[in-house]
Each structure stands twice: as C-alpha cells, then as structure tokens.
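> whatever this is, show me its structure:
(chains A and B)
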Protein chains: 2
Amino acid sequence: MFRQCFSHSWTIAGVSWCGFLQLLSHLSSSSRMSLLNWFLQMLPSGQIIPLPSLVTAKFGSDASKPTVCVYGHVDVQPALKEDGWSTDPYNLTEIDGKLYGRGASDNKAPVLAWLHAVEAYLAVHKELPVNVKYFIEGMEEVGSTGLDEMVEKLKDSFFGDVDYIIVSDCGWLSTKPAVTYGTRGNCYFLAEVKGPKLDLHSGVYGGTVIEPMTDLIGLLDALIDARGRILIPGINEAVAPLTEEEKKMYEETEFDLEKYKNKIGVERLMYDTKVDILSHRWRYPTLSIHGIEGAFSASGTKTVIPARVVAKFSIRQVPNMDPKIVETQVTDYLNSMFALRNSPNTLKISMVIGAKPWLADFKDPIYVAAERAIQRVFGLKPDRIREGGSIPVARTLQDVTGKKIIMLPIGGYDDGLHSQNEKMNRYNYIEGTKLFAAYLQEVSQLKR
Amino acid sequence: MFRQCFSHSWTIAGVSWCGFLQLLSHLSSSSRMSLLNWFLQMLPSGQIIPLPSLVTAKFGSDASKPTVCVYGHVDVQPALKEDGWSTDPYNLTEIDGKLYGRGASDNKAPVLAWLHAVEAYLAVHKELPVNVKYFIEGMEEVGSTGLDEMVEKLKDSFFGDVDYIIVSDCGWLSTKPAVTYGTRGNCYFLAEVKGPKLDLHSGVYGGTVIEPMTDLIGLLDALIDARGRILIPGINEAVAPLTEEEKKMYEETEFDLEKYKNKIGVERLMYDTKVDILSHRWRYPTLSIHGIEGAFSASGTKTVIPARVVAKFSIRQVPNMDPKIVETQVTDYLNSMFALRNSPNTLKISMVIGAKPWLADFKDPIYVAAERAIQRVFGLKPDRIREGGSIPVARTLQDVTGKKIIMLPIGGYDDGLHSQNEKMNRYNYIEGTKLFAAYLQEVSQLKR
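Prediction:
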C-alpha cells in the first residue's frame, strides 16, 4: 500500500518551474528539506501510480520564536488553448502588467511570494522574526488525495512545533485587500448509467432500447431547479441560518454587482442584491453540473446511443453540512428517482471528493495581526471575506493539528481561477510578497 | 459559391481504399467515369472546404436493355480505438470469417460487391444483361450534404436513361435474407445555451450565476419521458396508424427478441412483443440524445461551470411526418419551455439534418425480381423489412428522378453499424456479390 518516494523529480505537468526549482536549490543549503512518503493513486484508467511528492522546508529553529507553517500547492486545473485561451496556458506570458498562465494565481504566485518573503530577509542578512515552515502539495485540484493521511501522520513531528498555519490559496473580493475567514467545501459526484454492452446506432435501435442518456438527463434534471434550488431532501435543512451580524458585514463589504456581471458577461445574476449574492457565494450550498463522459461531445453530428454515460456534478458545502451525510442523501435520492423510471439500466453513484467547509474567528489575534500588516503595506483596513471555492486543507489542518489557521490572500478578484486566461497581476505579486514579509513581523509580536 | 473539383484524390479519412481504387482504375478502361462538380461545405470550425467528389461510372449503353443505377457511399461515422474497439477501426482485420473495420458493412462491402458483380460478367466475357451505372457519394453520414442539389442537376442527364435505382446501404433483420421497402428519416438538432462569456469556477461563481448546463438539462428532460414517449406536441399525432396488414406481416417476420436482447446486452427492451419492437423500430418516431458539446467530457474531475453548451439530439421520421414541420414543432416547444425558466441565458435551436422517411411498394415487379434472385442464390423466400435508420437518398432519388427505387441489403443483422467493432461477414460479402449478379439477370427480364 505504501511506497517510499525519494525522487526529487517534479511530476506536475504545467508551467515552467525552473525559477521555483532554482530558488529551492538555492535555499536548501540553509534549510532542511525532505521528501516524504506518499500513498499511491489510481488514475481514471485504472493505472496505479505514486502520488506526487510533498515538499516540506524549514527556515530557522529558534525555540524562543513562534513557528508559522505556510501551505501551498503546485498542481493546476486542466487547460487547453482551444478552450479559448489567448495565450498558451502552459507558458507564462506577461501582457500589460498581467502574468497569464494556468495556475498563475491558483496557486503558483502565492507560493513563490512566500518563498520571496523569506528570501528577502536572507538577502539583507536580517534575522527571520519567526521560524518558517513550508508544506507544499501537488494534488489539491483533485481533492488533495492522500493529504489527510499525511497530515495525520505528521501532526506530532512536522506540525509539533508549529504555532500558526497560513494558507494563501485564495483571492481578494475586489481591488481592496482582504482576509479570508471561511471557505465552502465540495462534494463531487459521478453518476454512471450503464445500459447496452456497446454504443448503438440510433436509427437501428432507437425506439426499442431504454437509452442510458435519457435516464441520466432525467436524474440530473431532478437535482436543481431553474431558480437554483437544490431538490435533494435534507440538503437545505442542514444549512446554518444567516445572522443579522453576517448580513450587516455583507452590506459593508466592497463588492460591485455591476462589475461582477460585466466581468463574467451576464445580464442578470441568480439574485439582485449584494447580500443575496455574497451569501449564496459564501454561505449557502449550490449544485453545478459539470458535464457528461461517454456521450458524443465533439463538434459535428453523430447518431449514437451511448451505452455508458457518467455525469459529473458537485455540491458546495457550508456549515453545518457534513459530506458523509450529503453522500447518503444524494445516493438515496438519485436511487429513488431512478427506481421511479423503472429502467433496465444500472445506476452507480460515487462521491469522489468530499471536502468539508471551514470557518474561522476573524477576531482572533492572528487575524488582527494580518489586518495590521495589510494596514502597513496598503494603508487601509481589509475586507473580511469568505471563499465560495473549497480549500479543504484548511479544515483538515485545523481538525487534525489543532493549530490556528489563517487565510491570507494576495490574488486579484479577476484572476479567473480554473477559467480561460487565468492571470496574476504583477502588482499583486510584488505587494503580496511585501505583505507576507510584514506579516511575519506582526506574527512575531503575538503573545503565545 | 461553386467550385470545380477535378481532382481524383479521395479526401475521405478511413479504411484503406487501395483495393477499391485499383479496381476503379482497372474498370475505367472499359467505362466512362466522371468526377462531377460539387458544392462547398462549411466545417463546424467555420472553415469552408470543397465537398468530396461524387463518383459516377457506366458499364454498357445498349438502348434495348434496361439501365439500373447503383447508389452507395464511401464515408463513415467517427470511430476511435478508445471507444472500445478490439481492433484498429481504420485497418480492416479478418477474424473468424468476419471483416472488422469502421464502414466495413456501412457501406464499403456493399459498394465493392456491386463492383465485383459487374467485374464477374466482364471476367467471364459474358455480356451484361442490363446497363449498370454507379452513383457513389462521400457525405452520407452527415446527411448527404449537397446531394439533393446534385440529383436535381443530374435528373435529366445522368438519370435520364435510368430505369431502376438500387440502394444497398442497409442490412438483414436476421440470418435470413431480406428486401427492404422502407426507412425512417431523421431530424438532427443542436440546442445551444450560452451564458457567461467564459467558463467559470464552480466554487467561486456557483450559486450566483444561472448555469447554461442546468438550463440545457431541463430542456433535454422535457423532450422524452422514461417510457420513450416524445413530449413535443404534434409529433405523435402526425404518425400514420398501424394497419392490420402491417401487424400480420410483423408477426410473420423472422425476429428473435431474445437474440436481439443478447446481441446488445440488455435485460429488458422498451416493449415486450415482436410487433411492438418491430413497429417502434420501423414505423414510429423516436428521440435520442447523443451528447453535449462544451461541457466537461473527459475522465477525472473538473469543477467548471461551462459557459456555452450544445446538446445534440435527433428524432427519427416516419410517414406522415414532415421535417420542415418537425423543425418548427421542436423549435417552438423548446423556446416555450425555455421561456418558463426565465433564464438570462440565450437558447438557439438549429436543425442540421432534415431527412424524410421513405416507403416503397414491395409488390412492385422490381421487388418481385429481387425475391426471385434471393430464391436463386439462397434457396428461400426473403423477409420484407424496413430500416430504422435513415437512407435519405432513397427518398431524394425517388422524389426528384421519379424512378423506381429498391433497397437490396446484403449486410448481416449483427454488423454493428455506427458502433464499436463494426464488421462484415465474409459469407455475406461473397453471397451478396452473387445475389447482385443474379439480380441484374432478373431485372433484364422485367417488362419495361
């Protein structure tokens, strides 16, 4: 089951990592770096391969100072030029102060900025105000496979002397800097309907067989209605009610609905007010249907009855939802809807990602320290925001290590994570590096 | 708009055509062969290219003999090894008397068998009993683009002296030879829903935008129910009622429901009786959803909200449906269902194929001649069958030229047209060639 992996090679396909690797090798002389054991992973093809290596590093070991641990990831979402990118997604391209490339903002620039922050202290021969550890993974975009087990394994060793954990795998909400105190989780489902043993000609067989695609479409349509309401019993009931305090804070958050609409190019959103939009982005669940595997997806026409089709959909998780319970709710509901169809085909539901939501106390001293550092670098008080996306490692790190977690973003609000033309502003990259350096200073002042 | 195309090069990607081309060049010395003008076509990418050349040929010009014209096509449906083929779909592979390859049965072997039939007469220096013309196209699988216009153009010249037209682009229903007296037509639709200007991260935007995929799934689910009933108003009402004579003929047709189920690997069909299955295969409409372009269709997971999704579905046409009316019915219905959703996204419906059904009189002398030829080669009386698939050229040729059409299949019932592991039996290929040669003899006996 386990496999030792001592290779230093990076198995991540993606943007050139020359700069990163050079920096790592430069730093390694004054640091301790280790490549840890990882589990194996099974690819969709069924092939079993080792997981990519986890990289850890440590700068400073002064027991009189606090120790912070920076989390980051180096893997990226899929991207093809033909998806509609203006530049090659796997060659970093600077245009007008913007650095375009898959992963530029999610999460490569923040990881580099954290390395630069430490590098800056070393370069001017200034003592680091705190001990700094790095914990960099390569499976985040597919649900951090193997990470939970690894954090569990390292909680007393690597994480034993850590006081605070910082995650910068997120972005601002507007042009104003922000601290992030919550993220949604995500439950990602595959719904497979299997019928005939092979694809059939729709002329020859259409009308005589019960088509898997018709069954699957019927099931997907039962998940969510035209107004965005999730129809699976129990899901909405689990959601923590919106408080007056939250409402007030959402009102005061800098967020322009018109800009938001223009950015994504829609005439109308699901809701009309700032409070509704922010709450449905941050603290209510939602369900997205991502696509169908096995059906005809190319351009042109094909008169096929696909024999096996697999829908992919996911439900964003918020307090107090529990992925284990959601898995049962979705499976039971779809099985009962499928039974109503009286189909001879077979249905198989599997939850392949089950990431919990995360919520922190923004009045905690580590957040106060972050707001002070932002004041120092940007001269203003940041917004307190949540993330609609999932950074499940925050919840895992908190639950397993018991340490305090903070999310400190430097990405721009319009970076386009997971989308075409993802970018990082040169401004955010440089000022973000300054913020991280300042934050280390602020953290060193905290009472332990 | 028009373009002369004198090139002899074959632009069809597919099975090796060396044998075919060699044969053509061998025959050309004793025949007249011409490459005709064709229209241009627009690819899904927007690129405009010439249509593949239409090939015609003529053997014999004795005005005292009848002239038959054989129709065939050389293009094929898409095929990938990873769809589940056991052999390379584009390299003809013989295993246990079966010739596997994309297009082996649809329609390469029948075209070759017709060439062999004439070749046989020439090889033994026996006078052809009738004049034989060939009319071979390369766009059948995408709806015979440009063919209607070409037949119209040639109706008085090329088709002027033709008495009968023979189409062998079909197969038997069982192991028993058959004559085919009807085909269903097909209306192929694209339903495009467009929303945001680019794909979005489902965590960051999920819950705030009205997703095109949710809209599209809702529309698709409104097309057909779990029992296979088409829900578009007007479609079922147009269908000619089933007669007692038809019912009786279906009862007497050789067709084994258990074998049919085993062949496609399903436990239960849409209906339980032979009459229901044959009538829903031959003379009732059906609707198949083929797939969705623009959504996430690869293996693995991607948390994307696709910005533009295009569903592909088609409705098989039977007497007395009219594709022009069906186009309006589908468009109006989907637009009205979409309006109910009150979505800010846009919907565009387009019918990209609109092929009429075709029905002949199996008591006509050209059918009687075919049954006599089958009796001679196979020693039995054939079944009179219809095709569930569409061979729109039969209807076009009949409507435009006013000539009598017959469909004379040689393909096996289990050839797997449009499916993985399409094949042609060596037996059907050789006996089919004999049948065609015998049929030319029988046709020469008909009173003109």
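
> would you mind listing what in the stretch 101-250 of chain A touches chain B?
Contact residues (C-beta under 8 Å from any C-beta of the partner chain) of the stretch 101-250 of chain A with chain B: A:142-143, A:184, A:186, A:188, A:195-211, A:213-215, A:217-218, A:220-221, A:224, A:226, A:228. C-beta coordinates here come from the backbone N, C-alpha and C atoms, glycine included.

> quick one, which of the residues you listed are buried?
Buried residues within these, counting neighbours by 16 or more other C-beta atoms under 10 Å in any protein chain shown: A:142-143, A:184, A:186, A:188, A:195-196, A:198-211, A:213-215, A:217-218, A:220-221, A:224, A:228.

> how about residue A:181, secondary structure?
strand (DSSP: H, G, I helix; E, B strand; the rest coil).

> identify the residues contacting it.
The neighbours of residue A:181, taking C-beta atoms under 8 Å, 6 or more residues apart in numbering or on different chains as the test, are A:359-362, A:367, A:384-386, A:407.

> just residue A:151 next, same as before
Contacts of residue A:151 by C-beta under 8 Å, 6+ apart are A:159, A:393, A:396-397, A:400-401.

> over to residue A:190?
Shown in contact with residue A:190 (C-beta under 8 Å, 6+ apart): A:310-312, A:348-350, A:352.

> from those, pick the one nearest residue B:97.
Nearest to residue B:97 out of the contacts of residue A:190 is residue A:310 (C-beta to C-beta; 35.6 Å).

> pretty sure the closest one contacts residue A:290?
No. Taking contacts as C-beta atoms under 8 Å, residue A:310 lies outside contact range of residue A:290: 10.9 Å.

> re the thing from before, from the residues of the stretch 101-250 of chain A next to chain B, which ones fall inside strands?
In this view, these that belong to strands under DSSP state E are A:186, A:188, A:200-201.

> and those as TSV, adding distance to residue A:344 and pLDDT?
Shown next, in TSV, are those (distance: C-beta to C-beta, whole Å; pLDDT from 0 to 100):
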residue	distance to residue A:344	pLDDT
A:186	33	95
A:188	28	97
A:200	14	93
A:201	19	91
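
> adding distance to residue A:85, write those residues out as a markdown table.
Supplementary listing: these in a markdown table, determined by distance: C-beta to C-beta, whole Å:
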| residue | distance to residue A:85 |
| --- | --- |
| A:186 | 25 |
| A:188 | 24 |
| A:200 | 36 |
| A:201 | 37 |
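
> would you mind splitting chain A into its domains for me?
Here the domain assignment for chain A is A:2-183+A:357-444, A:185-240+A:283-355, based on automatic domain parsing.

> so which of those domains is the most surrounded?
Neighbour counts (mean count of other C-beta atoms under 10 Å in any protein chain shown) averaged over each of the domains of chain A peak at domain A:185-240+A:283-355, with a mean of 21.

> for residue A:313, pull up the helix or strand it's in.
Assessed by DSSP states H and E, residue A:313 sits inside strand A:308-317.

> circling back: farthest pair within the contacts of residue A:181?
The most widely separated members of the contacts of residue A:181, counting by C-beta to C-beta, are A:361 and A:385 (14.5 Å).

> in chain A, which spans are helices?
In chain A, the segments counted as helices under DSSP state H are A:18-28, A:109-123, A:147-154, A:202-205, A:212-221, A:244-252, A:257-264, A:274-282, A:323-341, A:365-378, A:392-401, A:426-444.
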